[in-house]
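Undergrad: Kindly generate the corresponding structure for this input.
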Amino acid sequence: MALNEPRQANIGDFLGGAFLELGLIKREIGLYFAGFGFLGLLGYAAKSQTVGLGGLIGLAGFVAYWVAHYWLFQQLMQRHGIVEDDRFRVFQLFFMALLIGIAAGFATNFLVVPGVILMAKWIMAPAFLVARDRSLFQAMGDSWSASDGSTLQLSLAVFVILFGWLIAYGAVSGLAGALGRNSPLTVLPGLALHILPIVMMGLSVAVYRILTEPTSEVADVFA
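TA: Modelled structure (predicted):
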């Protein structure tokens, strides 16, 4: 095996790596949730006010979501010094997520498994886009190629995250429902929606580093 050959990993490496990555930017993630929590409370307060105000808050939240996600990706990858292109290409990230979402959603209409596999094959696409001077489609192609040989393990990791999030979201939604519509804590389900893309971001960067960074350790190469 050549010393520059990418490492192989299992589902435990991918899942563990995802949460280790997120731990590196816990302050930034805290600011992210605080900001969207504040927007959620503003939206809750606006319900009893002008309808147009709620729409403006929703629009602000939509724009802030994509800007914040690109920023979090950059912050995380800069921790490792692997950002080769520091341009802020939010629109490309948005359209990439849109394309992947449409493809995975269409595949899921037939069976859940094809949708999960597509998500796994493209999990590194945002990382390639943020870190390198690659177009939207080039980043998606890079992710597809780099995942060869690890598709099963990646698919299992994506499935575990999706399943775990569904359980957590159901619990949060049930709690918010029990509190009644007049409680400010009804913003909690909205915040819980953000958990999935944040964890997927951690997985994206973890998988990118594991599968695309060549190993130089002899012990790793022959492990």
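Undergrad: looking at this protein, which helix or strand does the model trust least?
TA: Within the chain, no helix or strand scores below helix 218-221, which has a mean of 36 by mean pLDDT, DSSP states H and E.
Undergrad: Show me what the helix or strand that contains residue 13 is packed against.
TA: For residue 13, the element it lies in under DSSP states H and E is helix 11-24. If contacts are counted by 3 or more Cβ pairs under 8 Å, 6 or more residues apart in numbering; DSSP states H and E, helix 11-24 sits against helix 51-79, helix 151-179, helix 195-212. In this view, the C-beta of every residue, glycine as well, is placed from N, C-alpha and C.
Undergrad: most neighbours per residue, which of those?
TA: Most buried of these by mean neighbour count (mean count of other Cβ atoms under 10 Å) is helix 195-212; its value is a mean of 22.
Undergrad: And the contacts of it?
TA: 6-7, 9, 13-15, 17-22, 29, 32, 69, 72-73, 76-77, 80, 82, 123-128, 131, 146-147, 150, 154, 157-158, 161-162, 165, 168-169 (Cβ atoms under 8 Å, 6 or more residues apart in numbering).
Undergrad: what's the answer for stretch 74-90, then?
TA: Contacts for stretch 74-90 (Cβ under 8 Å, 6+ apart): 21-22, 24-25, 28, 66-67, 70, 127, 129-134, 201-202, 205, 209, 213.
Undergrad: give me that answer again for 10 Å
TA: With contacts defined as Cβ atoms under 10 Å, 6 or more residues apart in numbering, stretch 74-90 is touched by 21-22, 24-25, 27-29, 63, 65-71, 73, 95-96, 127, 129-136, 139, 201-202, 204-206, 208-209, 212-213.
Undergrad: Dump the helices and strands packed on helix 11-24 into JSON lines; add distance to residue 113 and mean pLDDT as well.
TA: JSON lines is the format used below for these (distance: least, Cβ to Cβ, whole Å; pLDDT from 0 to 100):
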{"stretch": "helix 51-79", "distance to residue 113": "27", "mean pLDDT": "88"}
{"stretch": "helix 151-179", "distance to residue 113": "8", "mean pLDDT": "90"}
{"stretch": "helix 195-212", "distance to residue 113": "18", "mean pLDDT": "96"}
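Undergrad: so which of these gets nearest residue 103?
TA: helix 151-179 (14.0 Å; Cβ to Cβ).
Undergrad: what's downstream of the closest one, the next helix or strand?
TA: helix 188-193.
Undergrad: just checking, what packs against that next one?
TA: helix 26-46, helix 151-179 (3 or more Cβ pairs under 10 Å, 6 or more residues apart in numbering; DSSP states H and E).
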